[in-house]
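# Show me the folded form of this:
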Amino acid sequence: MIINDIELVKLYCQIDEFCKKFIPIWQRNLIESNKHKKIRKQRKDSLDYGEIMTILILYNSSSYSCFKYFYLDFALKNLKEFFPNMPCYDRFTILQKKAFIPLLSFLLHICRKSKRTGLYYIDSTYMEVCRNQRIYRHKTFKNIAKRGKTSVGWFFGFKLHIVINQMGEILNLNVTKGNISDSKAAKSIAQNLIGKLFGDKGYLGQELKNDLLKNGLELFTRVRKNMKQKFISRINQFLLSKRGVVETVIGQFKTRYNMISTRYRTPANYFMNIISAVTAYQLNPRKPRININQIDNENLISNALVKI
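Next up is the predicted model:
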């Protein structure tokens, strides 16, 4: 669904305000290749960082599943009055690469605003870059992506790891190669969090649990059939049963925000689409969340221990 004109202006103003503060600091710290740089005039068909980021986030908030069709059928026809210097599609695919660092920094800036509530959910999802039959002739992500295995089967690509609170806000995220285990990635994205963390069976392991507990984060997972059952309180069992909220968030990444695609020909544009999809989700006020008020029902506050 395409946002209206008022929401579009609000989105651009929010991004432009961030760019005005970030871009000068970022450019001052860049390593210059030449001491004497030629000052070139900005082309008429050139967009600034805020305009590029706005168009990318707007695509991931739309119902289009292909960026090329979105840009040609919608952007050039309906956004020309807002962005008068919009170039052709081929030119935009070149220009968008320069906004990679500002877009990533903008996402991290939004994630820092997420509330540390003490209740967190962690999960990962695979992101394939090609079909398994085409692995040996695939060139775009050769020597970058790796083969991995999930409950669905083998894939070739990357993994996205996220941590959210009960309100659906993303606190940390990480993109790894497909052969990195969930428990290994959890140590990095769950750091600096204090409270309770709920995950699936992929995060089982006493070593990971002890490492997180040293930093004040208690990990809860279900056990496999061949393992001894554990006893936890009713309230923790209830919170663990609501772990599906993080799976809903990942499902929205793939369906609503067009995060997964195998059409990209360069790694930079591929990762930019992932970043803009997560950013579009973070900016959406309507997120999947857990109703904590249900804890007061059915004597869930009781300290009685139950099996999982």
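# how does the protein divide into domains?
Per automatic domain parsing, the domain ranges recorded for the chain read 5-33+40-108, 115-263.
# Name the helix or strand for the one residue sitting closest to the centre of the chain, please.
Nearest residue to the geometric centre of the chain (Cα atoms, centre = their mean): V278, 3.7 Å. Element membership of V278, judged by DSSP states H and E, is helix 267-283.
# Shouldn't K139 be within a helix?
No - read with DSSP: H, G, I helix; E, B strand; the rest coil, K139 is coil and lies in no helix.
# Pull up the gap between it and C13, please.
41 Å (Cβ to Cβ, to the nearest Å). (C-beta placed from N, C-alpha, C; glycine too.)
# just Y59 next, same as before
19 Å.
# And those two? Which one has more around it.
Y59 (23 against 12; other Cβ atoms under 10 Å).
# List the residues that contact that one.
Contact analysis of Y59 by Cβ atoms under 8 Å, 6 or more residues apart in numbering lists F67, F70, Y71, A75, N258, S276.
# same deal with Y121?
By Cβ under 8 Å, 6+ apart, the residues touching Y121 are V163, I164, N165, Q166, L197, F198, G199, K242, R243, V245, V246.
# what residues does the helix holding V278 touch?
11, 14, 53, 56-57, 59-61, 67, 93, 96-97, 99-100, 103-104, 106-107, 110-111, 127, 129, 140-141, 144, 160, 169-170, 173, 175, 249, 252-253, 257-259, 261, 264, 287.
# buried ones in that helix?
269-283 (16 or more other Cβ atoms under 10 Å).
# what's the offset of it from the middle of its chain?
7 Å (Cα atoms, centre = their mean, to the nearest Å).
# what about that helix, average pLDDT?
Mean pLDDT, helix 267-283: 92.
# what ranges do the helices span in the chain?
5-28, 49-60, 67-69, 76-78, 89-95, 100-112, 182-189, 206-214, 234-241, 244-255, 267-283 (DSSP state H).
# so where is the protein shaky, pLDDT-wise?
Low-confidence regions of the chain, defined by pLDDT under 70, span residues 1-3, 32-45, 262, 294-308.
# rewinding a little: out of the helices of the chain, which is closest to M227?
For those, proximity to M227 was assessed by Cβ to Cβ; helix 206-214 is nearest, at 11.5 Å.
# Give me the contact list for the closest one.
S183, A186, K187, A190, L197, E218, L219.
# Also stretch 5-25?
So stretch 5-25 is contacted by 3, 48-51, 53-54, 57-58, 82, 102, 105-106, 109, 283 (Cβ under 8 Å, 6+ apart).
# Please pick the buried ones from these.
The neighbour-count criterion (16+ other Cβ under 10 Å) marks 3, 48-51, 53-54, 57-58, 102, 105-106, 283 among these as buried.
# which two from these end up farthest apart in space?
Applying Cβ to Cβ across these, the maximum distance is between I3 and S105, 22.7 Å.
# The spatially closest residue to K177 that is not a sequence neighbour: neighbour count?
Distances taken as Cβ to Cβ, 6 or more residues apart in numbering place K146 nearest to K177, at 4.1 Å, with adjacent residues excluded. Counted with other Cβ under 10 Å, residues neighbouring K146 total 16.
# Name all residues that make contact with K146.
F156, K177, G178, N179, I180.
# Thought W154 was touching the third one, still the case?
No - at 9.1 Å, G178 and W154 do not qualify as touching, with contact defined as Cβ atoms under 8 Å.
# got any residues that touch both of the two?
Joint contacts of G178 and W154 (Cβ under 8 Å, 6+ apart) are R147, G148.
# So for these two, which residue has more residues nearby?
Legend: neighbour count by other Cβ under 10 Å for G178 and W154, higher for G178 (20 against 13).
# any idea how far that one lies from E128?
8 Å.
# Give me the common contacts of these two.
Counting by Cβ under 8 Å, 6+ apart, the residues touching both G178 and E128 are F155, F156, G157.
# Of the residues you listed, which is the nearest to L204?
Of all those, F155 has the smallest distance to L204: 21.5 Å, by Cβ to Cβ.
# List the residues that contact that closest one.
By Cβ under 8 Å, 6+ apart, the residues touching F155 are Y126, E128, N132, R147, G148, K149, G178.
# list the buried ones in stretch 174-186?
Buried residues in stretch 174-186, counted by 16+ other Cβ under 10 Å: T176, G178, I180, D182, S183, A185, A186.
# oh sorry, the question was meant for stretch 248-264
Using 16+ other Cβ under 10 Å as the test for burial, stretch 248-264 gives V249, I250, Q252, F253, R256, Y257, N258, M259, I260, S261, Y264.
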